[in-house]
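Visitor: need coordinates for the following:
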Amino acid sequence: MNSNENTYLSIEELLTIPTLSGTIISEDGNNVAFVKNTANWIDNTYRNDIWIYEKKKRECYALTAKEIEGTSPLWSPDSIHIAYLRSVGQGNDKKNQIFVQSVDGSSSVQITDEREGVSHFKWDPAGNGFYYIAQSKESEEIKKRRETYGDFHYVGKEYLNHCLYYIETNNSSGNSMSQPLTDGQEFHILEFDISNDGKEVVLLTAPSPNMGDIFNRDLYILDVETGEMQKLNIDKLLGGSVCISSDGSQICYTASIREKDYYKTHIQDNTLEIYDLNTEEFIRPLTDFDSTVIPIRWTAKGIFITWQDKTNYRIGLLTENGTLEMLSEKDEGFVLEASITRDGNHLSYCKAKPNETFEIYLDDQKITDENNFFKGKRKSKREVISWKSSDDLEIEGVLTTPQDFDWNKKYPLLVLIHGGPGWASFPIHSGCFNEKYPVELFIEKGFIVLEPNYRGSSGYGNGFLKANYRNLGIGDYQDVIFGVDALVDKGIADKERVGVMGWSQGGFISAFCSTYSDRFKAVSVGGGMTNWRSHYVNTDIPYFIRMHLGDTPWNDPEVYAKTSPMTYIKSACTPTLIQHGEKDARVPTSNAYELYQGLKDMGIKTELIIFKGMAYSPDQPGMNVAIMKQNLMWFSHYLLGESMQDFRV
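Guide: Numbers count the residues shown, from 1 in each chain. Coordinates of the predicted model:
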């Protein structure tokens, strides 16, 4: 037997498994393009390469290599060319521009030259050019002011919105000039779609790029020929995706009731909706789907959608008569991304089956072999379990155990809490979901790992999403601790050796466990909120806090205190590791410093590590290694008694 078969993947090996994204099928159904994000250990960077699968050749190959990288691939309508975004420039001035090349390997041609880069683009349905979103041009007034007085910004004003542009590529004169299509409009474009005949464009907009304007999204119809813009009379809270029917008569999006009380949680009846432009009627074809349902494309056979079903992500076609044809019901799994041809006859998707990592499929045939990374290695086993919380609410979670798991043995238990809260844990092997916590190494050390889908997690219906309203931390803790107790009662978890960890919202719940509870032997808080009151004025999404706590800290200081980990700092007794990205605008480092100082003042063992230049996640694989190793050593020391001698190296 190979000695490697007795070992699990190392941290470096886990981070070497590519992350797949950008899956897109050609209109003839014969080719698939996708993006592989891989670790370059020599340069300590992550790089993105576009890969192509050709059905006739039955092989995958890299379209980009060496100094050329690419993201967001899109096939031309005739399936001959591939367009993608490529970063151009030097250092911090690098910006994404549209490039096009033939699949036969010809050199790429740069199409755009936008100063601030292109954020999103689509082919003209006729294949004659591109519609794309880029930042509006800076006004002459602001340019003159900067030259006169220096550079400053009025907060909450003077936004540079994203606008829609068109650039023709089949220009006989050879001069391809971009045309602004929404110049002078007082809105910021988030997403768009084009009718098959190219006559109409539907725009999903917000008043500004301000994150708080998430509650003020609108839909516009642009007549391409006349340039006329029509705002649709849809007084609802709109989701983040939109698509238009083949004949341009209907649009599909997600929406929910717009609450009169701004501070009340908006998750009321969020689901798929269709608006008829001719009759101005609204249709809700799906009644039991929550906010996770996303319209991807309107095909000749119906609307191609994806949605979360508890610990699965599925795809399907919503037909004109209102029936839903399941396209992913053959087995359980997580469809990360999916693409379908205009005629609805062929599709490609990126999917992970239970206990596997992601692969690319073309018409249900697997065309990649990323699970080969586990060949010759031991691999943990992941399964979905459930338990009742304090208020009898049923909670699911993912339990990870070794292959030779012994139900008669008590294991040290680690609780890994996902971020969000509108997200979930899934029974798949994916480094892109657990990039900071080496679950395979925890299993090799002898731990078992529980990942609870606490109240507020997605995929369990709108009611479950709202179950943590004005109860953050408190309700979350009950869901976690009752899951721990369920494993203790089964006799498989050692009550005296339990640790907890998580990042972002998972970091907040971990911080709450650190100060609110004495049930844990060690805690790791990653990028977590610790004091809602101070966090409210420092985060870039204060509306998130109002949405979940029901009001501002000035109007309701009690709920902000009740749900903040720092309120319970005097009762803290658990050794706590704190990890935080220096550039995290969503959860600023003030949260980490406040918890760190509070724990030190209480005499609790704690370590604070600030990762320089990092926001939510590192762009260097070496930094990911450091984060994982710190967590591995922290819990191995406090739950297994191993040395911490090299922790700060």
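Visitor: mind pulling up the pLDDT for the closest residue to Ser208 other than its chain neighbours?
Guide: Closest residue to Ser208 in three dimensions, ignoring its sequence neighbours and counting by CB to CB, 6 or more residues apart in numbering: Tyr159, at 4.3 Å. C-beta coordinates here come from the backbone N, C-alpha and C atoms, glycine included. At Tyr159, the pLDDT value in this model is 84.
Visitor: for Tyr159, give me its contacts.
Guide: Residues counted as contacts of Tyr159 (CB atoms under 8 Å, 6 or more residues apart in numbering) are His188, Ser208, Pro209, Asn210.
Visitor: taking these one by one, which sit in strands?
Guide: For these, membership in strands holds for His188, with DSSP state E as the criterion.
Visitor: which of the contacts of Tyr159 has the largest number of neighbours?
Guide: Neighbour counts for the contacts of Tyr159 were taken using other CB atoms under 10 Å; the highest belongs to His188, with 22 neighbours.
Visitor: look up the closest residue to that residue, ignoring the ones flanking it.
Guide: Of all residues not flanking His188 in the chain, Asn161 sits nearest, at 4.0 Å (CB to CB, 6+ apart).
Visitor: and the one you found, its phi and psi?
Guide: phi -70, psi 160 (degrees, to the nearest 10).
Visitor: I'd say it and Leu190 touch.
Guide: No: the pair Asn161 / Leu190 is not scored as a contact, 10.3 Å apart, by CB atoms under 8 Å.
Visitor: still on that earlier bit, how is the residue nearest to Ser208 assigned, secondary-structure-wise?
Guide: Three-state call for Tyr159 (DSSP: H, G, I helix; E, B strand; the rest coil): coil.
Visitor: quick one: it from Arg217, how far?
Guide: 15 Å (CB to CB, to the nearest Å).
Visitor: residues in contact with Tyr454?
Guide: Under the criterion of CB under 8 Å, 6+ apart, the neighbours of Tyr454 are Ile395, Ile417, Pro421, Asn468, Gly475, Asp476, Asp479, Val480, Ile509.
Visitor: helices - which of those land there?
Guide: By the criterion of DSSP state H, membership of those in helices covers Gly475, Asp476, Asp479, Val480, Ile509.
Visitor: tell me the one of these nearest Lys95?
Guide: Nearest to Lys95 among the ones in helices among the contacts of Tyr454 is Ile509, at 37.5 Å by CB to CB.
Visitor: just give the number of residues close to that closest one.
Guide: For Ile509, the tally of surrounding residues (other CB under 10 Å) stands at 32.
Visitor: quick one: list the elements packing against the host helix or strand of Val500.
Guide: According to DSSP states H and E, Val500 maps onto strand 493-503. Using 3 or more CB pairs under 8 Å, 6 or more residues apart in numbering; DSSP states H and E as the contact criterion, the elements in contact with strand 493-503 are strand 411-417, helix 474-489, helix 505-516, strand 522-526, helix 621-640.
Visitor: show me how far that strand is from its chain's centre.
Guide: A distance of 26 Å separates the C-alpha centroid of strand 493-503 from that of its chain, computed with CA atoms, centre = their mean, to the nearest Å.
Visitor: who does it pair with, and is each partner parallel or antiparallel?
Guide: Note on strand 493-503: by DSSP bridges, its sheet partners are strand 411-417 (parallel), strand 522-526 (parallel).
Visitor: just say which of these is most tucked in.
Guide: A comparison of the strands paired with strand 493-503 by mean neighbour count, using mean count of other CB atoms under 10 Å, puts strand 522-526 on top with a mean of 29.
Visitor: what comes into contact with it?
Guide: 436, 499-504, 506-507, 510-511, 513-514, 574-580, 592, 595, 627, 631, 634-635, 637-639.
Visitor: pLDDT on that strand, on average?
Guide: When the per-residue pLDDT values of strand 522-526 are averaged, the result is 98.
Visitor: do stretch 438-449 as well
Guide: In this model, stretch 438-449 carries a mean pLDDT of 96.
Visitor: which residues touch that stretch?
Guide: If you take CB under 8 Å, 6+ apart as the criterion, stretch 438-449 is touched by 7-11, 14, 378-380, 399-402, 405, 411-416, 487, 492-493, 628, 631-632, 635-636, 639-640.
Visitor: for that stretch, buried residues please.
Guide: Neighbour-count burial for stretch 438-449 flags Pro438, Val439, Glu440, Leu441, Phe442, Ile443, Glu444, Lys445, Phe447, Ile448, Val449 (criterion: 16 or more other CB atoms under 10 Å).
Visitor: between the strands paired with strand 493-503, which one is closest to Asn92.
Guide: strand 522-526 (26.2 Å).
Visitor: using CSV, list the CA coordinates for that closest one.
Guide: Coordinates of each C-alpha in strand 522-526 appear next as CSV, following Å, rounded to 0.1, in the frame of the first residue of the first chain:
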residue,chain,number,x,y,z
ALA,A,522,-10.8,27.5,22.5
VAL,A,523,-12.2,30.0,20.0
SER,A,524,-11.0,31.5,16.7
VAL,A,525,-12.6,34.7,15.6
GLY,A,526,-12.0,35.5,11.9
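Visitor: so after that strand, what's the next helix or strand?
Guide: Using DSSP H and E, the next helix or strand after strand 522-526 towards the C-terminus is helix 532-536.
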